[in-house]
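Student: Build the 3D model from these lines:
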Amino acid sequence: MCFTPSSKRKQKIKLDDGREISPKEMFEEYEKFYRGLRKAGWLPQDARQFLPIGIKSQIVISANFREWRHIFTLRTSRFAHWEIRQIMNNLLKELQNILPGIFDDFILAGKDENNLSYFEKKIE
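Tutor: Next up, the predicted model:
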C-alpha cells in the first residue's frame with residue numbers, strides 16, 4: 001500500500017456512522033476483505049472489483065535495452081507520477097550498478113516539491 005509523500009497515513013477520519021479509521025487501517029481492511037473473498041472461492045478477477053484503485057499491484061515488464069531506456073526517460077522524470085517514479089528510480093539505480101555502460105547517462109537531476117528524486121538524460 002502506498003500513500004502520497006505528503007499524506008498523513010495515521011490520521012483518523014470520522015465516518016458517517018461515527019467510526020474513526022485511518023487510511024492505513026482502511027487499506028488493511030480492504031486487503032482482509034479481498035483475502036476473505038478469495039478463501040470463499042471467488043475468482044481473483046471477481047474479488048478485485050471490490051479493491052480501491054490505490055491498492056498494491058504487481059507488474060511485470062519485458063523489454064530490450066532500448067525500450068528500458070525509453071521507459072526510464074518517461075518514468076524517472078520529474079513529471080512522472082511519484083509512485084512509479086520511486087519504483088523506477090530504484091530499478092534504474094540497480095541497473096546502473098549492474099550495467100553502467102548502458103544506463104550511466106541518466107543522472108540524478110534533483111528533487112521535487114515532495115523531496116523525491118528524479119533523473120534526466122545527460123546531453124552530450
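
Student: Please make it C-alpha for all contacts and neighbour counts, starting now.
Tutor: Will do.

Student: Tell me which residues of the helix or strand of the chain with the lowest mean pLDDT come out buried.
Tutor: Across the helices and strands of the chain, mean pLDDT, DSSP states H and E gives its lowest value to helix 44-47, namely a mean of 87. Buried residues in helix 44-47, defined by neighbour count with 16 or more other CA atoms under 10 Å: Ala47.

Student: Check stretch 105-116 too.
Tutor: Neighbour-count burial for stretch 105-116, counted by 16+ other CA under 10 Å, picks out Asp105, Phe106, Leu108.

Student: again with stretch 93-108
Tutor: Here stretch 93-108 shows Lys93, Gln96, Phe103, Asp105, Phe106, Leu108 as buried, counting by 16+ other CA under 10 Å.

Student: Identify, from those residues, the entry nearest to Lys122.
Tutor: Comparing these against Lys122 with CA to CA places Asp105 closest, at 5.2 Å.

Student: Identify the residues contacting the closest residue in space to Asp112 that isn't next to it in sequence.
Tutor: Counting by CA to CA, 6 or more residues apart in numbering, Arg78 is the residue found nearest to Asp112 once chain neighbours are left out, at 6.8 Å. By CA atoms under 8 Å, 6 or more residues apart in numbering, the contact list for Arg78 reads Lys111, Asp112, Ser117, Tyr118, Phe119.

Student: Quick check: the first one vs Leu91, distance?
Tutor: When distances are taken as CA to CA, to the nearest Å, Lys111 and Leu91 turn out to be 17 Å apart.
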